[in-house]
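> Sharing a model prediction with you, sequence too.
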Amino acid sequence: MTQAEQPIDLGEQLDITVVAALKASLEEAVAAAQPVALNGERLQRVDGAGIQLLLAFARAAEAAGGWRWHGEREPEAIRDAAEQLGVASELVA
């Protein structure tokens, strides 16, 4: 029996104003060692703090239950920010 994925909605912005709250949710998901589906369909704004949080999450989740993008494709805002910061290989499908 496989574990059900835990969906996590990233909301409309993933920036310094929301990373602390989102960090708690992501840490809980990793601690549960349950696969996670990140939903970024509504994302409009992403900054460096948001990308740093996602990188830390992605690395931890790979060692735990795994993760993927909801819809199998990363949001455009994530792709653009990750490419600008040179970390697209870790966050872009």
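Sure thing, it's come through. Residues are numbered from 1 along each chain as shown.
> How much space separates the residue nearest the centre of the chain from residue 13?
Closest to where the C-alpha atoms of the chain average out (Cα atoms, centre = their mean) is residue 54, at 4.5 Å. Noted for residue 54: a distance of 13 Å to residue 13, by Cβ to Cβ, to the nearest Å. C-beta: built from backbone N, CA, C; applies to glycine.
> List the buried residues of the helix or strand of the chain with the lowest mean pLDDT.
Across the helices and strands of the chain, the lowest-confidence element by mean pLDDT, DSSP states H and E is helix 88-91, at a mean of 91. Across helix 88-91, burial judged by 16 or more other Cβ atoms under 10 Å covers 88, 91.
> Just the element for the residue nearest to the centre of the chain, please.
Assessed by DSSP states H and E, residue 54 sits inside helix 48-63.
> Now do that helix: which elements does it pack against?
strand 13-14, helix 19-31, strand 67-69, helix 76-85, helix 88-91 (3 or more Cβ pairs under 8 Å, 6 or more residues apart in numbering; DSSP states H and E).
> Give me the mean pLDDT for the fourth one.
When pLDDT is averaged along helix 76-85, the result is 94.
> now do the first one
Mean pLDDT, taken over the full extent of strand 13-14, equals 96.
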